[in-house]
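**Student:** what shape does this take:
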Amino acid sequence: MAAHVGLTRRGFMRISAVGALMLSAACAPSAPTSPGPNTNAGAPSAGKKPSPYPTYVPVTNGPKPDYHTDDPRFDDGFDNFPANPIKAIAEKPGTGGTINILNRAYFPPPTPFDQNPTWQEVNRQINANMAINVIGGPDYQTKFVTTMAGDDLPDIMHIYNGYALAPNLQGFFKAKCADLTPYLAGDAAKDYPYLAALPTYAWKNSVSAIDGQLFLIPIQRHLPIFPGFGGYFFANTEIWNKEIGEGYVPKNADDLKRILVQLTKPQENRWGIGNSGVASNAGEGGPFALSTYAAMFGAPHNWKLDASGKLIRNRETPEYKAAVGFLRDLMAAGVFPPDVATITQSRPQHAQGRFVMAIDGYGNSWIDLLRQGSQFGNRFHLIKPFAATDGGKPQAFLSHGFVSMNVLKKASPDRIKELLRVMNFLAAPFGSQEDLLLSYGLQGQDYALDPKGNPVPTSEGIARASYVPWRYIAQHPWVNFQADLPGFAKASHEAQQVLLPISVSDPTDGYFSPTAWAKGQTADVRFQDGMIDIILGRRQLSEYDDLVKAWQTEAGEQVPKEFLYSTPSRSSYEKRAHF
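**Tutor:** Got it, this is the predicted structure:
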């Protein structure tokens with residue numbers, strides 16, 4: 001979902017080094033050897049225009065977390081919802097009018113506004129009629145393209161699926177959307193402190209700036225990766241501890257295969273591992289969650305820049321091909337269920353115990369796995385990443401640090417300021433009165449408090465609060481908090497201490513290639529279809545190189561040229577390198 005823009009070789013090598021984050025994997029927090037997000041984004045350097053990104057200013061008036069690391073790449077964690085929530089917004093941000101918003105449905109439909117006292121209370125506290133047009137996922141792209149073509153734009157528009165949402169989004173932003181640079185760049189963002197508290201990587205990786213102008217506000221997410229982009233090995237804790245050993249981590253790829261064979265018991269309808277192999281569900285993670293195996297074999301995270309300055313796709317590397325071959329061997333060994341090629345959602349079957357292992361994501365994915373598994377008496381734990389070969393360096397992949405963005409239509413300065421104040425309200429910090437209202441609704445109507453003071457929502461409250469997509473207009477940085485899953489915040493904190501130091505970023509994060517978002521996607525699907533056939537044994541591994549060549553011809557030769565030679569949108573004011 002990350003959008004990409006072109007970059008110079010020098011700039012590319014710089015962010016590649018910053019994104020590597022290669023440290024030893026230790027459970028105890030350690031200071032990273034590479035810098036985190038630029039916390040002085042607003043300070044101009046000699047000979048350059050000021051950065052279009054907000055100066056990062058973490059929230060200081062929020063509740064004290066139970067788990068915290070002084071690095072914005074790490075998420076705070078809370079065992080319980082903070083007592084005595086603070087009032088984060090002193091004055092109502094709106095001016096009494098209507099704010100029209102186009103947003104995508106991520107949940108079932110919310111309770112309609114006229115029957116929804118929670119929505120009405122949010123509008124009262126904002127002092128504006130927040131009219132949200134929630135469009136179903138399958139129809140959103142069509143609706144957005146139609147909206148772009150018209151003259152009557154909503155005040156706030158949701159950008160889902162990055163720059164693949166519609167053709168020529170950059171042109172649309174420049175022509176019809178508000179340049180937010182005067183309001184949010186550098187120290188100007190301090191007028192909207194909860195927007196300034198969004199980590200810098202979310203602004204950069206979402207390509208929120210075009211040619212030095214800021215247009216988009218990201219919805220930040222955690223850096224440990226989530227489905228569609230990759231994941232981690234999760235094991236059924238009871239079976240793993242009993243049959244493999246508590247805390248055991250595979251020594252290498254061969255050891256993993258041995259374990260999966262041992263865990264597979266077809267007579268009990270139990271399989272070592274299972275993940276979807278449907279190409280349309282694969283995303284960047286690839287069929288059967290291939291990217292996790294690729295990370296294990298030391299392949300790059302989507303792209304790498306070699307010493308000569310050439311940009312290379314992961315599928316062009318021997319490490320990635322080795323991962324494909326290993327996954328093919330696992331399939332031939334019978335550790336996957338026989339219907340794996342038709343599985344569209346592996347998590348429910350993993351939760352039920354049909355697979356002992358599966359690859360899944362951090363955050364909401366992990367939460368959903370734990371909740372589904374509890375219904376069947378199953379618990380799950382994340383297995384620490386390991387290398388495919390003895391002596392290899394374990395690595396994992398980072399997410400892009402955002403899930404979607406929002407853009408504002410052109411308007412007067414006073415109107416833009418009002419909209420930003422409203423978004424600042426929606427981004428109020430975790431544990432505030434505003435956050436409690438937006439997340440859980442009205443006490444006594446939408447939720448009750450448990451003995452520890454945690455909100456326990458009713459089904460009606462979920463429909464009145466959680467299903468209204470306020471969090472996809474603006475939201476505070478990700479926080480690990482699930483009161484119904486004791487120990488989750490601590491486990492997430494410990495997982496981040498292990499994962500982030502060994503995780504690598506996609507070096508093209510924050511850069512744009514038009515071909516990648518156009519025919520490149522079709523070429524990717526064709527390549528993935530061919531890989532599925534190889535992994536399932538329908539085609540020979542020797543045909544892999546032909547798949548790569550076909551992808552290169554269709555799109556792969558053009559994409560890296562656009563990355564390397566087109567003008568960087570995040571720093572178009574910098575001198576362009578020549579080759």
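**Student:** and the helix or strand hosting Val559, what's buried?
**Tutor:** Per DSSP states H and E: Val559 is located in helix 558-565. Neighbour counts using 16 or more other Cβ atoms under 10 Å place Gln558, Val559, Pro560, Glu562, Phe563, Leu564 of helix 558-565 among the buried residues. In short, each C-beta sits where N, CA and C put it, glycine included.
**Student:** what does stretch 181-201 give?
**Tutor:** The neighbour-count check on stretch 181-201 (16+ other Cβ under 10 Å) flags 181, 183-186, 188-189, 192-201 as buried.
**Student:** ok so, going back, what packs against the helix holding Val559?
**Tutor:** Judged by 3 or more Cβ pairs under 8 Å, 6 or more residues apart in numbering; DSSP states H and E, helix 558-565 is in contact with helix 9-20, strand 311-313, helix 514-517.
**Student:** of these, which shows the lowest average pLDDT?
**Tutor:** Mean pLDDT per stretch puts helix 9-20 lowest among the helices and strands packed on helix 558-565, at a mean of 37.
**Student:** Asp155 is in contact with Asn100, isn't it?
**Tutor:** Yes - between Asp155 and Asn100 there is a contact at 5.1 Å, judged by Cβ atoms under 8 Å.
**Student:** compare those two (neighbour count), which wins?
**Tutor:** Set Asp155 next to Asn100 and count neighbours by other Cβ atoms under 10 Å: Asp155 wins out with 22 against 16.
**Student:** buried residues in the lengthiest helix in the chain, which are they?
**Tutor:** Determined from DSSP state H, the single longest helix within the chain is helix 519-535. Of the residues in helix 519-535, those buried by neighbour count under the rule 16+ other Cβ under 10 Å are Gly520, Ala523, Asp524, Arg526, Phe527, Gln528, Gly530, Met531, Ile532, Asp533, Ile534, Ile535.
**Student:** and if you look at stretch 136-143?
**Tutor:** Buried-residue list, stretch 136-143, by 16+ other Cβ under 10 Å: Tyr140, Gln141.
**Student:** contacts for stretch 241-254?
**Tutor:** 235, 240, 256, 259, 262-263, 296-297, 326, 383-384, 386-390, 392 (Cβ atoms under 8 Å, 6 or more residues apart in numbering).
**Student:** report the angle between the longest helix of the chain and helix 558-565.
**Tutor:** Here the directions of helix 519-535 and helix 558-565 differ by 130 degrees (axes from the mean of the first three to the mean of the last three Cα atoms, to 10 degrees).
**Student:** helices of the stretch 101-250 of the chain, residue ranges please.
**Tutor:** Under the criterion DSSP state H, counting those that start in this stretch, the stretch 101-250 of the chain contains helices at 117-126, 137-149, 169-176, 181-184, 193-196, 200-205, 237-240.
**Student:** now those in a markdown table, please, with extra columns for distance to Thr342 and mean pLDDT.
**Tutor:** Below are the helices of the stretch 101-250 of the chain laid out as a markdown table (distance: least, Cβ to Cβ, whole Å; pLDDT from 0 to 100):
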| stretch | distance to Thr342 | mean pLDDT |
| --- | --- | --- |
| helix 117-126 | 40 | 98 |
| helix 137-149 | 21 | 95 |
| helix 169-176 | 35 | 95 |
| helix 181-184 | 47 | 98 |
| helix 193-196 | 44 | 98 |
| helix 200-205 | 34 | 95 |
| helix 237-240 | 25 | 98 |
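**Student:** and Thr69, which of these is closest to it?
**Tutor:** Closest to Thr69 of the helices of the stretch 101-250 of the chain, according to Cβ to Cβ: helix 200-205, at 15.1 Å.
**Student:** which intervals of the stretch 301-450 of the chain have sub-threshold pLDDT?
**Tutor:** Nowhere does the stretch 301-450 of the chain drop to pLDDT under 70.
**Student:** can you give me the helices for it?
**Tutor:** Using DSSP H, counting those that start in this stretch, the helices assigned to the stretch 301-450 of the chain run over residues 318-332, 347-352, 364-374, 413-426, 433-440.
**Student:** need the contact list for the residue nearest to Asn236 when sequence neighbours are not counted.
**Tutor:** Among residues not flanking Asn236 along the chain, Val356 sits closest, at 5.0 Å (Cβ to Cβ, 6 or more residues apart in numbering). The contact partners of Val356, taken as Cβ under 8 Å, 6+ apart, are Ala235, Asn236, Ile239, Trp240, Leu263, Arg270, Trp271, Gly272, Ile273.
**Student:** the residue lying closest to the third one once chain neighbours are set aside and Ile535, how far apart?
**Tutor:** Pointing back at Ile239 there. Take Ile239 and drop its neighbours on the chain: the residue closest to it by Cβ to Cβ, 6+ apart is Val356, 5.1 Å away. Using Cβ to Cβ, to the nearest Å, we find Val356 at a distance of 20 Å from Ile535.
**Student:** what's the answer for Asp155, then?
**Tutor:** For Asp155 relative to Ile535 (Cβ to Cβ), the value is 47 Å.
**Student:** which residues touch Pro486?
**Tutor:** Contacts of Pro486 by Cβ under 8 Å, 6+ apart are Asp79.
**Student:** which SS class is it?
**Tutor:** With DSSP: H, G, I helix; E, B strand; the rest coil as the basis, Pro486 sits in coil.
**Student:** please apply the same query to Phe288.
**Tutor:** Under the three-state scheme (three-state DSSP), Phe288 adopts helix.
**Student:** wait, it touches Arg328, no?
**Tutor:** No - the pair Phe288 / Arg328 is not scored as a contact, 10.0 Å apart, by Cβ under 8 Å.
**Student:** more neighbours: the two, which one.
**Tutor:** For Phe288 versus Arg328, neighbours defined as other Cβ under 10 Å are more numerous around Phe288 (30 against 20).
**Student:** tell me the confidence at that one?
**Tutor:** In this model, Phe288 is scored at 93, pLDDT.
**Student:** swap in Tyr511?
**Tutor:** Looking at Tyr511, its pLDDT reads 78.
**Student:** distance of Trp366 relative to Phe226?
**Tutor:** In terms of Cβ to Cβ, Trp366 sits 9 Å off from Phe226.
**Student:** okay, the two: which has more neighbours?
**Tutor:** Higher neighbour count among Trp366 and Phe226: Trp366, with 26 against 21, using other Cβ under 10 Å.
**Student:** quick one, what contacts the more buried one?
**Tutor:** Counting by Cβ under 8 Å, 6+ apart, Trp366 touches Phe234, Asp360, Phe380, Leu382, Ser492.
**Student:** cool, Ile343 as well?
**Tutor:** When contacts are counted by Cβ under 8 Å, 6+ apart, Ile343 touches Gly274, Asn275, Ser276, Gly277, Val278, Pro337, Gln349.
**Student:** sort those residues by pLDDT and name the bottom one.
**Tutor:** Lowest pLDDT within the contacts of Ile343 is found at Val278 (72).
**Student:** burial of that residue, as a residue count?
**Tutor:** 16.
**Student:** one more: Ala166?
**Tutor:** Around Ala166 there are 18 other residues, counting by other Cβ under 10 Å.
**Student:** could you measure from it over to Val134?
**Tutor:** 18 Å.
**Student:** likewise for Pro117?
**Tutor:** According to Cβ to Cβ, Pro117 stands 18 Å off from Val134.
**Student:** out of these two, which sits in the busier spot?
**Tutor:** Using other Cβ under 10 Å as the criterion, Pro117 and Val134 rank with Val134 on top: 19 against 14.
**Student:** what are the contacting residues of stretch 547-554?
**Tutor:** Stretch 547-554 is contacted by residues Arg315, Glu316, Lys519, Thr522, Ala523, Asp524, Arg526, Phe527, Gly530, Met531, Ile534, Gly556 when judged by Cβ under 8 Å, 6+ apart.
**Student:** how far away is the residue lying closest to the third one once chain neighbours are set aside from Lys321?
**Tutor:** Nearest-residue entry for Lys519: Ala555, 5.2 Å, with adjacent residues in sequence omitted and distances by Cβ to Cβ, 6+ apart. According to Cβ to Cβ, Ala555 stands 19 Å off from Lys321.
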